[in-house]
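*Asks:* Structure for the following, please:
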Amino acid sequence: MPFLFSNPQPIQAMIIGANRGIGLGFIRHLLADTRVGTLYGTYRHRDRAQDLLQLAQSGGDRLIPVQLDVSEESQLAQWSQTLSQQEQSLHLLINCVGVLHDGDQMQPEKSLRQIDGDRLLQYFRINSIPSILLAKHLMPLFRHNQPSVFASISAKVGSIGDNDLGGWYGYRASKAALNMLMHTTAIEYSRRCPQTCVVCLHPGTTDTDLSKPFQRNVPPGKLFPVEKTVRQLMQVIEDLNLDHSGQFFSWDGSQLPW
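*Replies:* You can find the predicted model right below:
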(Lines give C-alpha, C1' and ligand atoms only; values in the text may rest on other atoms or scores of the structure.)
Protein backbone atom coordinates (compact mmCIF):
# COMPACT_ATOMS: atom_id res chain seq x y z
CA MET A 1 0.00 0.00 0.00
CA PRO A 2 1.35 3.49 -0.81
CA PHE A 3 2.98 5.22 2.16
CA LEU A 4 0.85 8.37 1.94
CA PHE A 5 -2.45 6.50 1.67
CA SER A 6 -1.71 3.77 4.21
CA ASN A 7 -3.83 5.59 6.77
CA PRO A 8 -7.38 4.14 6.53
CA GLN A 9 -8.89 7.60 7.09
CA PRO A 10 -9.19 10.15 4.23
CA ILE A 11 -6.16 12.39 4.03
CA GLN A 12 -6.24 16.18 4.39
CA ALA A 13 -4.45 17.88 1.48
CA MET A 14 -3.37 21.40 0.58
CA ILE A 15 -2.36 22.74 -2.84
CA ILE A 16 -0.51 26.07 -2.84
CA GLY A 17 -1.07 28.06 -6.05
CA ALA A 18 -4.23 26.15 -6.94
CA ASN A 19 -5.87 28.66 -9.26
CA ARG A 20 -4.19 27.64 -12.53
CA GLY A 21 -1.67 25.39 -14.26
CA ILE A 22 -0.28 22.42 -12.37
CA GLY A 23 -1.84 23.55 -9.09
CA LEU A 24 -5.36 23.56 -10.55
CA GLY A 25 -4.58 20.22 -12.16
CA PHE A 26 -3.76 18.75 -8.75
CA ILE A 27 -7.06 20.09 -7.38
CA ARG A 28 -9.04 18.36 -10.12
CA HIS A 29 -7.08 15.13 -9.69
CA LEU A 30 -7.43 15.01 -5.90
CA LEU A 31 -11.13 15.90 -5.97
CA ALA A 32 -11.65 12.74 -8.03
CA ASP A 33 -9.76 10.62 -5.46
CA THR A 34 -12.03 9.25 -2.74
CA ARG A 35 -9.00 8.75 -0.47
CA VAL A 36 -8.82 12.55 -0.10
CA GLY A 37 -11.03 14.29 2.44
CA THR A 38 -10.67 18.03 2.97
CA LEU A 39 -8.75 19.76 0.19
CA TYR A 40 -7.46 23.31 0.61
CA GLY A 41 -6.50 25.31 -2.48
CA THR A 42 -4.81 28.70 -2.20
CA TYR A 43 -4.91 31.61 -4.61
CA ARG A 44 -3.78 35.25 -4.51
CA HIS A 45 -6.17 37.12 -6.79
CA ARG A 46 -9.86 36.34 -6.96
CA ASP A 47 -10.20 37.47 -10.57
CA ARG A 48 -7.61 34.84 -11.57
CA ALA A 49 -9.20 32.04 -9.56
CA GLN A 50 -12.59 31.65 -11.18
CA ASP A 51 -12.01 28.02 -12.22
CA LEU A 52 -11.00 27.10 -8.68
CA LEU A 53 -13.94 28.94 -7.14
CA GLN A 54 -16.38 27.30 -9.54
CA LEU A 55 -15.00 23.87 -8.63
CA ALA A 56 -15.56 24.70 -4.98
CA GLN A 57 -19.17 25.70 -5.64
CA SER A 58 -19.91 22.49 -7.53
CA GLY A 59 -17.77 20.09 -5.51
CA GLY A 60 -19.56 20.10 -2.19
CA ASP A 61 -17.70 20.97 0.99
CA ARG A 62 -14.49 19.00 0.34
CA LEU A 63 -12.71 21.82 -1.50
CA ILE A 64 -11.96 24.94 0.54
CA PRO A 65 -10.48 27.85 -1.47
CA VAL A 66 -8.22 30.14 0.55
CA GLN A 67 -7.13 33.62 -0.58
CA LEU A 68 -3.52 33.77 0.57
CA ASP A 69 -0.18 35.21 -0.55
CA VAL A 70 2.29 32.66 0.78
CA SER A 71 5.22 35.05 0.24
CA GLU A 72 3.70 37.30 2.93
CA GLU A 73 4.66 35.71 6.24
CA SER A 74 2.07 37.59 8.31
CA GLN A 75 -0.77 36.17 6.19
CA LEU A 76 0.63 32.67 6.42
CA ALA A 77 1.15 32.89 10.17
CA GLN A 78 -2.44 34.03 10.72
CA TRP A 79 -3.87 31.28 8.52
CA SER A 80 -1.74 28.60 10.20
CA GLN A 81 -2.91 29.78 13.60
CA THR A 82 -6.53 29.52 12.47
CA LEU A 83 -6.02 25.93 11.27
CA SER A 84 -4.21 24.99 14.48
CA GLN A 85 -7.04 26.40 16.57
CA GLN A 86 -9.42 24.22 14.58
CA GLU A 87 -7.17 21.24 15.46
CA GLN A 88 -6.64 20.49 11.79
CA SER A 89 -3.89 18.20 10.53
CA LEU A 90 -2.24 17.84 7.13
CA HIS A 91 -1.07 14.76 5.24
CA LEU A 92 -0.20 16.20 1.83
CA LEU A 93 1.04 19.64 0.84
CA ILE A 94 2.19 20.51 -2.67
CA ASN A 95 3.58 24.00 -3.29
CA CYS A 96 3.09 24.84 -6.98
CA VAL A 97 3.92 28.56 -6.75
CA GLY A 98 6.68 29.70 -9.10
CA VAL A 99 7.71 32.28 -11.68
CA LEU A 100 9.99 32.16 -14.72
CA HIS A 101 8.87 35.28 -16.59
CA ASP A 102 6.43 38.15 -16.25
CA GLY A 103 6.09 39.83 -19.61
CA ASP A 104 8.49 42.72 -20.09
CA GLN A 105 8.99 43.02 -16.32
CA MET A 106 10.91 39.76 -15.93
CA GLN A 107 12.58 37.43 -18.41
CA PRO A 108 15.22 34.74 -17.75
CA GLU A 109 18.70 36.20 -18.18
CA LYS A 110 20.82 34.92 -21.06
CA SER A 111 24.02 36.68 -19.93
CA LEU A 112 25.52 38.59 -17.02
CA ARG A 113 24.72 41.86 -18.82
CA GLN A 114 21.04 41.24 -18.09
CA ILE A 115 21.42 40.69 -14.34
CA ASP A 116 19.28 43.05 -12.27
CA GLY A 117 19.32 42.91 -8.48
CA ASP A 118 15.64 43.65 -7.98
CA ARG A 119 14.57 40.96 -10.44
CA LEU A 120 16.88 38.45 -8.75
CA LEU A 121 15.23 39.20 -5.43
CA GLN A 122 11.81 38.68 -7.02
CA TYR A 123 12.82 35.23 -8.24
CA PHE A 124 13.85 34.28 -4.72
CA ARG A 125 10.77 35.87 -3.17
CA ILE A 126 8.43 33.72 -5.28
CA ASN A 127 10.40 30.55 -6.05
CA SER A 128 12.40 29.98 -2.86
CA ILE A 129 10.92 31.60 0.22
CA PRO A 130 7.27 30.43 0.27
CA SER A 131 8.14 26.75 0.81
CA ILE A 132 10.31 27.44 3.83
CA LEU A 133 7.64 29.73 5.30
CA LEU A 134 5.06 26.99 4.77
CA ALA A 135 7.36 24.47 6.45
CA LYS A 136 7.82 26.84 9.39
CA HIS A 137 4.23 27.85 10.01
CA LEU A 138 2.46 24.60 9.09
CA MET A 139 4.79 22.37 11.09
CA PRO A 140 2.21 21.91 13.88
CA LEU A 141 -0.23 20.46 11.33
CA PHE A 142 2.31 17.79 10.35
CA ARG A 143 3.17 16.87 13.92
CA HIS A 144 1.18 13.64 14.12
CA ASN A 145 1.79 9.93 13.66
CA GLN A 146 0.20 9.50 10.23
CA PRO A 147 2.16 9.22 6.94
CA SER A 148 2.51 12.59 5.22
CA VAL A 149 4.26 14.26 2.27
CA PHE A 150 5.47 17.85 1.96
CA ALA A 151 6.35 18.46 -1.71
CA SER A 152 7.63 21.53 -3.52
CA ILE A 153 7.58 21.90 -7.30
CA SER A 154 11.16 22.66 -8.25
CA ALA A 155 12.89 22.42 -11.66
CA LYS A 156 15.71 20.38 -13.15
CA VAL A 157 17.47 23.61 -14.14
CA GLY A 158 17.91 24.22 -10.40
CA SER A 159 20.29 21.28 -10.22
CA ILE A 160 23.88 22.53 -9.96
CA GLY A 161 25.20 19.13 -10.97
CA ASP A 162 23.09 19.11 -14.13
CA ASN A 163 23.88 22.66 -15.26
CA ASP A 164 25.92 22.44 -18.47
CA LEU A 165 24.24 25.23 -20.45
CA GLY A 166 24.33 28.27 -18.17
CA GLY A 167 21.93 31.20 -18.46
CA TRP A 168 18.66 31.68 -16.60
CA TYR A 169 20.61 32.92 -13.58
CA GLY A 170 17.75 34.02 -11.35
CA TYR A 171 15.46 31.08 -12.06
CA ARG A 172 18.24 28.52 -11.67
CA ALA A 173 19.56 30.07 -8.47
CA SER A 174 16.13 30.46 -6.87
CA LYS A 175 15.26 26.83 -7.58
CA ALA A 176 18.66 25.69 -6.28
CA ALA A 177 17.93 27.70 -3.12
CA LEU A 178 14.51 26.04 -2.86
CA ASN A 179 16.20 22.63 -3.10
CA MET A 180 18.65 23.46 -0.31
CA LEU A 181 15.92 24.90 1.91
CA MET A 182 13.80 21.78 1.50
CA HIS A 183 16.72 19.40 1.99
CA THR A 184 17.51 21.20 5.25
CA THR A 185 13.83 21.17 6.23
CA ALA A 186 13.75 17.41 5.73
CA ILE A 187 16.50 17.03 8.33
CA GLU A 188 14.60 19.05 10.93
CA TYR A 189 11.24 17.45 10.07
CA SER A 190 12.80 14.02 10.63
CA ARG A 191 13.04 15.04 14.29
CA ARG A 192 9.95 17.20 14.72
CA CYS A 193 7.51 15.63 12.23
CA PRO A 194 9.02 12.15 11.82
CA GLN A 195 6.19 10.76 9.69
CA THR A 196 6.57 13.47 7.00
CA CYS A 197 8.55 12.91 3.81
CA VAL A 198 9.89 16.22 2.43
CA VAL A 199 10.80 16.25 -1.28
CA CYS A 200 11.34 18.48 -4.31
CA LEU A 201 9.76 17.49 -7.63
CA HIS A 202 10.65 18.33 -11.23
CA PRO A 203 7.44 18.24 -13.31
CA GLY A 204 9.02 18.25 -16.75
CA THR A 205 8.02 20.88 -19.30
CA THR A 206 4.27 21.34 -18.93
CA ASP A 207 1.90 23.20 -21.22
CA THR A 208 1.22 26.18 -18.92
CA ASP A 209 1.69 29.92 -19.07
CA LEU A 210 5.11 29.50 -17.43
CA SER A 211 6.51 27.49 -20.35
CA LYS A 212 4.63 29.04 -23.29
CA PRO A 213 7.38 31.43 -24.52
CA PHE A 214 9.89 28.57 -24.60
CA GLN A 215 7.85 25.67 -25.97
CA ARG A 216 9.26 25.85 -29.49
CA ASN A 217 12.55 24.43 -28.17
CA VAL A 218 10.94 21.43 -26.45
CA PRO A 219 11.65 18.06 -28.14
CA PRO A 220 8.63 16.17 -29.52
CA GLY A 221 6.79 14.25 -26.82
CA LYS A 222 8.39 16.23 -23.98
CA LEU A 223 5.73 18.93 -23.65
CA PHE A 224 3.24 17.45 -21.21
CA PRO A 225 -0.41 18.39 -20.85
CA VAL A 226 -1.21 19.44 -17.29
CA GLU A 227 -3.24 16.28 -16.67
CA LYS A 228 -0.30 14.05 -17.63
CA THR A 229 2.14 16.02 -15.46
CA VAL A 230 -0.19 15.70 -12.47
CA ARG A 231 -0.67 11.95 -12.98
CA GLN A 232 3.08 11.44 -13.24
CA LEU A 233 3.86 13.50 -10.15
CA MET A 234 1.11 11.82 -8.13
CA GLN A 235 2.64 8.45 -9.03
CA VAL A 236 6.01 9.69 -7.76
CA ILE A 237 4.32 10.91 -4.56
CA GLU A 238 2.54 7.59 -4.06
CA ASP A 239 5.84 5.71 -4.46
CA LEU A 240 7.55 7.74 -1.71
CA ASN A 241 8.42 6.55 1.77
CA LEU A 242 10.34 8.10 4.65
CA ASP A 243 13.68 6.93 3.22
CA HIS A 244 13.13 9.35 0.32
CA SER A 245 12.83 12.45 2.50
CA GLY A 246 15.26 15.21 1.55
CA GLN A 247 15.62 14.07 -2.07
CA PHE A 248 14.90 15.59 -5.48
CA PHE A 249 12.86 13.58 -7.98
CA SER A 250 11.96 13.97 -11.64
CA TRP A 251 8.50 13.31 -13.07
CA ASP A 252 9.52 9.76 -14.02
CA GLY A 253 10.61 8.88 -10.48
CA SER A 254 14.34 9.13 -11.14
CA GLN A 255 16.46 10.94 -8.55
CA LEU A 256 18.08 14.18 -9.71
CA PRO A 257 21.51 15.46 -8.60
CA TRP A 258 21.66 18.54 -6.41
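
*Asks:* Find the residue ranges of the stretch 101-250 of the chain scoring beneath the pLDDT cut-off.
*Replies:* 104, 208-216, 218-221 (pLDDT under 70).

*Asks:* ranges for the helices of the stretch 51-200 of the chain?
*Replies:* With helices called from DSSP state H, counting those that start in this stretch, the stretch 51-200 of the chain shows them at 73-85, 117-127, 129-137, 139-142, 169-192.

*Asks:* Make a markdown table out of the ones you listed and add mean neighbour count.
*Replies:* Every C-beta, even on glycine, is put in place using the N, C-alpha and C of the backbone. Output for the helices of the stretch 51-200 of the chain, formatted as a markdown table (neighbours: other C-beta atoms under 10 Å):
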| stretch | mean neighbour count |
| --- | --- |
| helix 73-85 | 14 |
| helix 117-127 | 16 |
| helix 129-137 | 21 |
| helix 139-142 | 20 |
| helix 169-192 | 19 |
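
*Asks:* Of these, which is nearest V230?
*Replies:* helix 129-137 (18.8 Å; C-beta to C-beta).

*Asks:* Show me what the helix or strand harbouring Q235 packs onto, helices and strands only.
*Replies:* In the assignment (DSSP states H and E), Q235 maps to helix 226-238. Here helix 226-238 touches helix 21-31, strand 148-153, strand 196-202, going by 3 or more C-beta pairs under 8 Å, 6 or more residues apart in numbering; DSSP states H and E.

*Asks:* Dig out what T42 forms beta bridges with.
*Replies:* V66 (DSSP bridges).

*Asks:* That one: neighbouring residues, count only.
*Replies:* 28 (other C-beta atoms under 10 Å).

*Asks:* change the start of the numbering to 51 and stick with it
*Replies:* Fine by me, first position is 51 from now on; the one you just mentioned is T92.

*Asks:* so who does it touch?
*Replies:* M64, I65, I66, G67, A68, P115, V116, Q117, L118, V120 (C-beta atoms under 8 Å, 6 or more residues apart in numbering).

*Asks:* Same check on H252?
*Replies:* S204, A205, K206, F298, F299, S300, W301, L306.

*Asks:* Between these, which sits nearest P158?
*Replies:* Closest to P158, out of all of the contacts of H252 and judged by C-beta to C-beta, is A205, at 11.3 Å.

*Asks:* Who are the contact partners of the nearest residue to that closest one once chain neighbours are set aside?
*Replies:* Leaving out its chain neighbours, the residue that sits closest to A205 by C-beta to C-beta, 6 or more residues apart in numbering is K225, at 4.7 Å. Residues in contact with K225 (C-beta under 8 Å, 6+ apart) are N177, S178, S204, A205, V207, G208.
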